[in-house]
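Trainee: The following comprises the amino acid sequence and a computationally predicted model.
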Amino acid sequence: YNRVWIPDNKEVWQSAEITKNYKAGDHFLHVQLEDGTELNYPVDPAVLPPLRNPDILVGENDLTALSYLHEPAVLHNLKVRFVESKLIYTYSGIILVAINPYKQLPIYGDAIIHAYSGQNMGDMDPHIFAVAEEAYKQMARNNKNQSIIVSGESGAGKTVSARYTMRYFATVSQSSSNAHVENKVLASNPITEAVGNAKTTRNDNSSRFGKYTEISFDQSYQIIGANMRTYLLEKSRVVFQSENERNYHIFYQLCASAMQPEFEHLKLGSAEQFNYTRMGGSTVIEGVDDRANMVETQKTFALLGLKGDFQMDVFKMLAAILHLGNVEITAVGDERSSISLKDKHLNIFCELLDLNCDRMAQWLCHRKIITTSETVIKPMTRAQAVNARDALAKKIYSHLFDFIVERINQALQFPGKQHTFIGVLDIYGFETFDVNSFEQFCINYANEKLQQQFNLHVFKLEQEEYMKEDIPWTLIDFYDNQPVIDLIEAKMGILELLDEECLLPHGTDENWLQKLYNNFVNKNALFEKPRMSNASFIIQHFADKVQYKCEGFLEKNRDTVHEVLIEILKESKFHLCANFFQDNPVSVSPFGSTINIKSARPVIKSPNKQLRLTVGSKFRSSLSLLMATLNATTPHYVRCIKPNDEKLPFEFDSKRIAQQLRACGVLETIRISAQSYPSRWTYIEFFSRYSILMTQQELSMTDKKQICKVVLQRLIQDCNQYQFGRTKIFFRAGQVAYLEKLRSDKLRHACIMIQKSVRGWLQRKKFLHIKQAAVTIQQYVRGQRTVRQAITARTLKQTWAAIIIQKYCRGYLVRRLCQLIHVAAVTIQAYTRGLLARKKYRKV
């Protein structure tokens, strides 16, 4: 086989054709690129370039069906399907790879849903509906809970994919009752997107939190309710947005509706008037009408039974956050700061939340330090006061987000007992940026846990497949990321050292980083100290090395708001605000997210710092709960891929896609498959495909399974290259390509024979046609000649006689006519003369 893949700086891999046989010991491979360029490619005899798959396998629905399983083959197959065939879905074993087309496609209507309903996963083209149907069918058949795990980086289409799976379940399992539970389940999406999604540089509708939606079914497998858990809300976005980014959508929807009569008491204006909404310099999304979206948000609130009073309470909290961000803090010297009691926005903030304005102005600029012997009130610098104000805004928004999610869960509660459920996990993928902080650390930690669960599940499925087919099981070596997880979460790991430093009164990011250096540098191969920085550390994750900047880790892990400010909020007469900060609050979970209607963590009653859970420890607990849920269900995986950073429709950036494929586990699945017997054909499929390679004697056998065994043993001498299972034949990498080569050679030979016969038949047909034409021409020529020869002397005499007869006949006829005319003339003359004579006579 003479086509290979060689590395390329622009396209990652490019195809090349070998122009000269490679011999062992050669240091160069003579190849020709697709553009005709000749190249001497240097090779290492131990690592030759990967081979390209036969054309028959290019564009396969399932990547694991490729004979040669490696990164360039995967990339090329995805590119052919996405760019040439405009197909955005491809299977990779148990994974559905979904590439964002950045274009609306007509493939999600009710007719498509009904077409996939009841079908097996491989019967139709890959689709998100096929995964949803498989989960629904397994739930109904096995009475076992299912999970659909949708992951990918921002802008890859996770939210849309999760939304379509929920819509599929709502359509195929509609209940006969009038409760319209399906509509309520679907209505939860626009609300959570309004309060939890925002415009980023990568995505106009980026989910800034993870979400696990549990859709409950009764014994008839009809939807009866749902429950939502959320993870890692990006609270920092409330007070800070990077350039060309926005705050959460709900703020802009509220500002766009500020002039409506029902919102006048909130005293809002355009988004450009508020610090928390104008910071990114982008307050409008092209093609998005925030005012119309506000109407839709209100409608979906109402659909869930959350009426006008509840909505107005939520909007008051949101407006208060915007006004809080505009409170002007003035520096008084280097050590103090102050807020004017006449500050317009401070007064509106306190009016909306029914707070004491004097106390709020004082304690935004001061903090209370309680020691064993005394209480000290310490003024804060302007920077510290701004941080305190922003921390308060984040805390209020976090609790509001929790409250909204809890009320959605209450609206989706159901009477009776849940029979089974399908969970849809819409969660962030592995992230690495130029500057990575605590949020990226938590996200990548979560992805390490999910990747481990994924690897074990794939490994388990692989083992079950071999056992089912009675194939001898050999241990497959796959990447186990437990050492990375231990580095993060084990005793004296990164998180524990971070929590320990947070407990110290004078703990700093620098001290914590130094502890990491002391504990892990040169002791743990997965932890590194950057050469050019003393403020960062590097972790070797399963997908890539990531450098984290330690600045802000302690502050974000503590996530504290000054106690006095919390006390002021507790004293509010505005019931929503007061309820948020009571000692027995509504149930919340890590990063300000609801786990369940029942509390998923101990209620913190004491202000003692020793008892206060850190963000990291809460996130670790919620992640353990999530993994326990996923491990108790049958998982299905959807990996969303972002094809380019410019959001161009059907544009394929090979570098970006290769990076994401490495990060999301697709290539790991391919690698695990490639280590054993990646290509699997049923006996019927093998017989249908390769019957051309069988002899007449073999085809005369009645048992097709035995025919396949005999043929394969004849074609592939090395019996280690394949295994016979109960229903399938298992091939090692490259064997299907070899069989395809034999098949193509046979077809080529047969094609030559057919061409020879057809060309001979065509020439004979042409000859016979020409011969028939010649005979016909001869017939006509001979006829003409015979006619000419038949005109003899007799014919001439007969012709002359006919002429003589004609002459006499014509003379006779003319004479007769002349005589008649003469008689007529004489008669006329006689009568005329008689008349004239009689007249003359009478006259005389």
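Mentor: Right, received. Where do you want to start?

Trainee: Within the helices and strands, which one has the spatially closest residue to residue 560 that is not a sequence neighbour?
Mentor: With sequence-adjacent residues excluded and distances taken as C-beta to C-beta, 6 or more residues apart in numbering, residue 560 is closest to residue 391, at 7.2 Å. Glycine gets a C-beta too; all of them are placed from N, C-alpha and C. Counting by DSSP states H and E, the element that carries residue 391 is helix 382-411.

Trainee: Just the buried residues of that helix, please?
Mentor: Under the neighbour-count criterion of 16 or more other C-beta atoms under 10 Å, helix 382-411 has 382, 384-386, 388-409, 411 buried.

Trainee: For residue 652, list the residues it contacts.
Mentor: Listed by C-beta atoms under 8 Å, 6 or more residues apart in numbering, the contact partners of residue 652 are 78, 79, 82, 83, 643, 644.

Trainee: Make JSON lines from those residues and add secondary structure, neighbour count and pLDDT to it.
Mentor: JSON lines is the format used below for those (DSSP: H, G, I helix; E, B strand; the rest coil; neighbours: other C-beta atoms under 10 Å; pLDDT from 0 to 100):
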{"residue": "78", "secondary structure": "helix", "neighbour count": "26", "pLDDT": "94"}
{"residue": "79", "secondary structure": "helix", "neighbour count": "18", "pLDDT": "94"}
{"residue": "82", "secondary structure": "helix", "neighbour count": "22", "pLDDT": "95"}
{"residue": "83", "secondary structure": "helix", "neighbour count": "14", "pLDDT": "94"}
{"residue": "643", "secondary structure": "coil", "neighbour count": "28", "pLDDT": "93"}
{"residue": "644", "secondary structure": "coil", "neighbour count": "18", "pLDDT": "92"}
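
Trainee: which residues of the stretch 1-150 of the chain fall in strands?
Mentor: 3-8, 12-18, 28-33, 38-42, 89-92, 95-99, 146-152 (DSSP state E, counting those that start in this stretch).

Trainee: I meant the stretch 251-400 of the chain, not that one.
Mentor: Secondary structure of the stretch 251-400 of the chain (DSSP E, counting those that start in this stretch): strands located at 330-332, 336-338, 366-370, 375-379.

Trainee: Which strands or helices does the second one pack on?
Mentor: The reference is to strand 336-338. When contacts are defined as 3 or more C-beta pairs under 8 Å, 6 or more residues apart in numbering; DSSP states H and E, strand 336-338 packs onto strand 330-332, helix 382-411.

Trainee: what about residue 283, how many neighbours?
Mentor: Residue 283 sits with 21 neighbouring residues when counted by other C-beta atoms under 10 Å.

Trainee: Could you verify my assumption that it touches residue 271?
Mentor: Yes: applying C-beta atoms under 8 Å as the test, residue 283 and residue 271 come out as touching, 4.0 Å apart.

Trainee: any shared contact partners between these two?
Mentor: Common contacts of residue 283 and residue 271, defined by C-beta under 8 Å, 6+ apart, comprise 252, 277.

Trainee: Can you give the distance of the helix or strand harbouring residue 747 from its chain's centre?
Mentor: Assigning secondary structure by DSSP H and E places residue 747 in helix 735-790. Centroid displacement of helix 735-790 relative to its chain, using C-alpha atoms, centre = their mean, to the nearest Å, is 55 Å.

Trainee: C-terminal to it, which secondary structure element comes first?
Mentor: Next helix or strand after helix 735-790 toward the C-terminus (DSSP H and E): helix 793-843.

Trainee: ok, now how distant is the nearest residue to residue 725 once chain neighbours are set aside from residue 686?
Mentor: Nearest non-adjacent residue to residue 725, counting by C-beta to C-beta, 6+ apart: residue 469, 2.9 Å away. Distance, residue 469 to residue 686, by C-beta to C-beta, to the nearest Å: 14 Å.

Trainee: Looking at those two, which is more packed in?
Mentor: Taking other C-beta under 10 Å, residue 469 and residue 686 do not tie; residue 686 has more neighbours (22 against 17).

Trainee: could you point out which element follows the lowest-mean-pLDDT helix or strand in the chain?
Mentor: Among the helices and strands of the chain, helix 666-675 carries the lowest confidence by mean pLDDT, DSSP states H and E, at a mean of 70. Following helix 666-675 in sequence order, the next helix or strand is strand 679-682 (DSSP H and E).

Trainee: contacts for that following strand?
Mentor: Under C-beta under 8 Å, 6+ apart, the answer for strand 679-682 is 64-67, 689, 727-733, 735-736.

Trainee: I'd like the mean pLDDT over stretch 221-233, please.
Mentor: Throughout stretch 221-233, pLDDT has a mean value of 89.

Trainee: how much distance is there from it to the middle of the chain?
Mentor: Per C-alpha atoms, centre = their mean, the displacement of stretch 221-233 from the mean C-alpha position of its chain is 21 Å.

Trainee: Over to stretch 484-491?
Mentor: Mean C-alpha position of stretch 484-491 versus that of the full chain (C-alpha atoms, centre = their mean) differs by 31 Å.

Trainee: Could you list the buried residues of that stretch?
Mentor: Along stretch 484-491, these residues count as buried under the neighbour rule (16+ other C-beta under 10 Å): 484, 485, 487, 488, 489.
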